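Whatever this is, show me its structure:
(chains A and B)
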Amino acid sequence: MNHFLTIEGLTADDLNGLLDDADEFVEVLHRPIPKVPALRGKTVATMFFEPSTRTKMSFEKAAKALSADTMSFSPGTSSLSKGESLKDTVLTVKAMGTDAMVVRHKATGAPWRIAEWIDQPVLNAGDGAHQHPTQALLDSLTIRQHFGTLEGLKIGIVGDIRHSRVARSDIQAFSTLGADVTMVAPRTLLPVDPHVFDATASENLDEVLEDFDVVYVLRVQAERGGASVFPSLSEYTDRYGITKERFARLKPEAIVLHPGPMNRGVEIEGAVADDPRALILDQVFNGVAVRMAVLFRLLGGERNE
Amino acid sequence: MSDLILAGGTVLTAKGIEEADVRIRDGLIAEIGPSLEGDETIDCEGAWIGPGLVDLHAHFREPGQEWKEDIESGSRAAAAGGFTAAFAMPNTEPATDSGHVARFVANRGVEVGLIEVLPVGAITKGRAGKELAHLDELWAAGVRVFSDDGDVVEDAGLLRQAMDYLAERGGVISQHAVDVGLSSGGYMHEGSVSSLLGMYGIPSAADDVILARDIRLVEMTGARYHVQHLSTATGVELIAAAKAKGLPVTAEVTPHHLAFDHTAAHTTDPVYKMMPPLRSDEDRDALRKGLEDGTVDIVGTDHAPHAAHEKEVPWEHAPNGVLGLEWAAAVANTFVDLDQAAFYDRLSAAPARIGQLDGQGMLPEVGGPANLAVFDPNVAWTPSTTVSKSENSPYFGLQLRGKVIATLYQGRVTALDGVPVS
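Residues are numbered from 1 along each chain as shown, chains lettered A, B, ... in the order given. A predicted model of the protein is given here:
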């Protein structure tokens, strides 16, 4: 593995291998001193061309827990605002001495371009509405921890799938790991061609809700302009919101996940988000472990505990 | 002046295909016959000889964007690809919306002297779609093809005015047919690949609805109408239906829409980004078949140079367009079943006729102008270089069949084996 750009094309063994490594890093993170020297002397640059707080902090925490140094790039205060090209920016940062780059960009494919320009590992931390592969790992890890496997689970992904890199990555990871995935959304928020995914599509949440072992709630991206894709937020909540009433209809062992940040009262009711069966903070914790696993895999560190 | 002999090829003449040599003297075809001898000979064994190719759709970027291409480098690329004439689209800076810009473009072509460069005139002032350009001045400067290429003429009322004006004179409207409401915000064909990538798409209907509207306007005005870079199967059907009604409508397909489909865009490599986008394999197959049966009249390259730094960006930020002049003939021959007569029709005679261009696209005859393209349909080769100023070719590394081995413009050899002769 030279880069970590996409879930597409990875096998169940690839994914389970990374999740097995992540399990070990979960154990590391529970130690009194949650840190190993595996990547001492390595420098990881977080290049977030699209602003993000949580994913960037998670990658930085992961790098530091492996004893790597971190450098970070923020577009607002950078030379990008002076007209420097993406390629020149990346080559400039690399020349300072990096060993890997974690890239988020709102343009689809940007991490692939960067991987062509620099001869070191590139980790995709989210490109456009395309891929967010470490999110898929942390979600898969959270589900695997809870159920032991994804094999045979029924997972419903509810919400704005069309504009979601989380959904694309998750659908591919969950289905590769043997889950039976259903995309639930109004037609305007389903992929234009849903058949490209190994999943079924439904426009009616209430018809399929009770089958699910996992309900994965996507964020309503108000910045996408709700009016053009559905008539009103309240209509969305009525039809697709995970309300207390819908939560009560789930199987008793079913869990609820959300990638954050949540719009309480829109796609998920506050009481559901705070229920012990909503594993949202477990997802966040696992994010650090899976990012450690990927960084460790790419930077080829010797494990030295 | 010395005699040049094209020896051993098959010559497409008005009488049919002849195995004969061709003698070139004083810019003209002096003789067509067996076993000719002269001062200089080009071996054309196994190759087709026919009229020099004519491109109804090229971007030479001059004036205004000479870092991408200019009339000299564009002419060199055209000559290398077998062309002896090319229509230069008006999306220059300033736009070719007045007589003096049109004359500048044509004169630069004459100065370079490798091909005939025909300026296409803008339909609207500044290509802004608000009011008619100086169609009178452009007409007086010799312009016969009018287009806002790069942009659609969105306002049907304004297009109707242009059609009425040009119908009277016999000019042709060349439309970049895309509905802005359906296409805006989109970056590639709306379909399986855009769904996989989460990229905003441009549905096929974006092209089709404008074409359908425009055909109705042709019916109303009687103007000659040419649709650029047809990209959809439905578009082919619309053209067939319009022709069946006897409307003066013609259509072009680009080499890249013949060679590729949208799966090439899965790499998000911006070399495959263009407008209209690469569409589905069904669309591509319909275009191939349409060119083969003549529903689609011509290959137009939409040769669109962009500098490396402009394409070395993420897909969404990259400008639309790819190079095409040097490989158009090979691509048409590789992906479409065209015999010698059909090949020179789609790439030379028909575009010259649509562009109302005298002295080009004429089948070789004694006493006729020696504007010729010699094309060997059987050579297999893999392009890896270009003579354009830019390098945005999607054909590097793609095996093609057929190669232009010589181009003659006004009796002078302008390119040999893909290399311009200056």
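
Now the phi/psi pair for the residue in the stretch 51-200 of chain B that chain A sits nearest to, please.
Residue of the stretch 51-200 of chain B nearest chain A, by CB to the nearest CB: B:Gly198 (3.0 Å). Every residue, glycine included, has its C-beta placed from N, CA and C. For B:Gly198, the backbone dihedrals (degrees, to the nearest 10) come out as phi 70, psi 30.

Quick check: it vs B:Ala223, distance?
Separation of B:Gly198 from B:Ala223 (CB to CB, to the nearest Å) stands at 41 Å.

ok, the closest residue to the residue of the stretch 51-200 of chain B closest to chain A other than its chain neighbours to A:Thr55 distance?
In space, and not counting its chain neighbours, B:Gly198 is closest to A:Ala129: 3.0 Å by CB to CB, 6 or more residues apart in numbering or on different chains. Relative to A:Thr55, A:Ala129 is positioned 15 Å away (CB to CB).

host element of the most centrally placed residue in chain A?
The C-alpha lying nearest the average C-alpha coordinate of chain A belongs to A:Gln135 (CA atoms, centre = their mean; 1.8 Å). Following DSSP states H and E, one finds A:Gln135 within helix A:133-147.

likewise B:Leu291?
B:Leu291 is part of helix B:281-293 when elements are defined by DSSP H and E.

Quick check: phi and psi at B:Val271.
Main-chain torsions, B:Val271, degrees, to the nearest 10: phi -70, psi -20.

quick one: the strands in the stretch 201-305 of chain A?
Ranges of strands in the stretch 201-305 of chain A, per DSSP state E, counting those that start in this stretch, are A:214-217, A:255-257.

Tell me the pLDDT of residue 163.
Chain wasn't specified; assuming chain A. With respect to pLDDT, A:His163 scores 93.

meant chain B actually
pLDDT recorded at B:Met163 is 98.

And A:Glu302, by the same measure?
Note for A:Glu302: predicted pLDDT of 49.

what ranges do the helices span in chain A?
A:12-29, A:54-65, A:86-95, A:110-117, A:133-147, A:165-176, A:205-208, A:226-229, A:233-240, A:244-249, A:270-273, A:280-299 (DSSP state H).

worst average pLDDT in those?
Among the helices of chain A, helix A:226-229 scores lowest, at a mean of 55.

residues contacting the residue of the stretch 301-422 of chain B found nearest chain A?
Nearest to chain A in the stretch 301-422 of chain B, going by CB to the nearest CB, is B:Pro314, at a distance of 3.5 Å. Shown in contact with B:Pro314 (CB atoms under 8 Å, 6 or more residues apart in numbering or on different chains): A:Leu86, A:His105, A:Ala107, A:Thr108, A:Gly109, A:Ala110, A:Arg113, B:Thr268, B:Pro270.

Now it: closest residue in space, sequence neighbours ignored.
A:Ala107 (3.5 Å).

which parts of chain A sit against chain B?
Counting by CB under 8 Å from any CB of the partner chain, chain A comes close to chain B at A:8, A:85-87, A:105, A:107-110, A:112-113, A:117, A:128-130, A:162-165, A:168, A:191-197.

Tell me, how many residues neighbour B:Leu159?
Using other CB atoms under 10 Å in any protein chain shown, the number of residues around B:Leu159 comes to 26.

mind listing what's buried in the host helix or strand of it?
Assessed by DSSP H and E, B:Leu159 sits inside helix B:156-169. Of all the residues in helix B:156-169, those buried under the rule 16 or more other CB atoms under 10 Å in any protein chain shown are B:Leu158, B:Leu159, B:Arg160, B:Gln161, B:Ala162, B:Met163, B:Tyr165, B:Leu166, B:Ala167.

right, and the helix or strand after that helix?
Using DSSP H and E, the helix or strand that follows helix B:156-169 towards the C-terminus is strand B:172-175.

List the contacts of that following strand.
Here strand B:172-175 makes contact (CB under 8 Å, 6+ apart) with B:56-57, B:120, B:123, B:144-147, B:149, B:152-153, B:159, B:162-163, B:166, B:210-211, B:214, B:223-228, B:250, B:354-356.

picking that back up, which members of the residues of chain A next to chain B are classed as buried?
Those of the residues of chain A next to chain B that meet the buried threshold are A:8, A:86-87, A:105, A:107-110, A:112-113, A:128-130, A:162-165, A:168, A:191-192, A:194, A:196-197, by 16+ other CB under 10 Å.

Just to be sure, which of the residues of chain A next to chain B are found in strands?
By the criterion of DSSP state E, membership of those in strands covers A:His105.

so the residue nearest to B:Gly198 touches A:His163, yeah?
Yes - with contact defined as CB atoms under 8 Å, A:Ala129 reaches A:His163; the gap is 4.7 Å.

coming back round to it: of B:Gly198 and B:Ala223, which one has the most company?
Of the pair B:Gly198 and B:Ala223, B:Ala223 is the one with more neighbours under other CB under 10 Å, namely 27 against 21.

Make sure the more buried one is actually in contact with B:Met163.
Yes - if you go by CB under 8 Å, B:Ala223 and B:Met163 touch, sitting 3.6 Å apart.

which neighbours do these two share?
Contacts common to B:Ala223 and B:Met163, judged by CB under 8 Å, 6+ apart, are B:Ile173, B:Leu217.

could you give the angle of the helix holding A:Gln135 to helix A:110-117?
120 degrees (axes from the mean of the first three to the mean of the last three CA atoms, to 10 degrees).

In CSV, could you pull the C-alpha coordinates for helix A:133-147?
Below are the C-alpha coordinates for helix A:133-147, written out as CSV (Å, rounded to 0.1, in the frame of the first residue of the first chain):
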residue,chain,number,x,y,z
PRO,A,133,-11.8,6.2,3.6
THR,A,134,-10.7,6.6,7.2
GLN,A,135,-14.2,7.5,8.1
ALA,A,136,-15.3,4.1,6.6
LEU,A,137,-12.7,2.3,8.7
LEU,A,138,-13.7,4.0,11.9
ASP,A,139,-17.4,3.2,11.2
SER,A,140,-16.6,-0.4,10.3
LEU,A,141,-14.5,-0.7,13.4
THR,A,142,-17.3,0.6,15.6
ILE,A,143,-19.8,-1.8,14.1
ARG,A,144,-17.4,-4.7,14.3
GLN,A,145,-16.6,-4.0,18.0
HIS,A,146,-20.3,-4.0,18.8
PHE,A,147,-21.5,-7.0,16.7
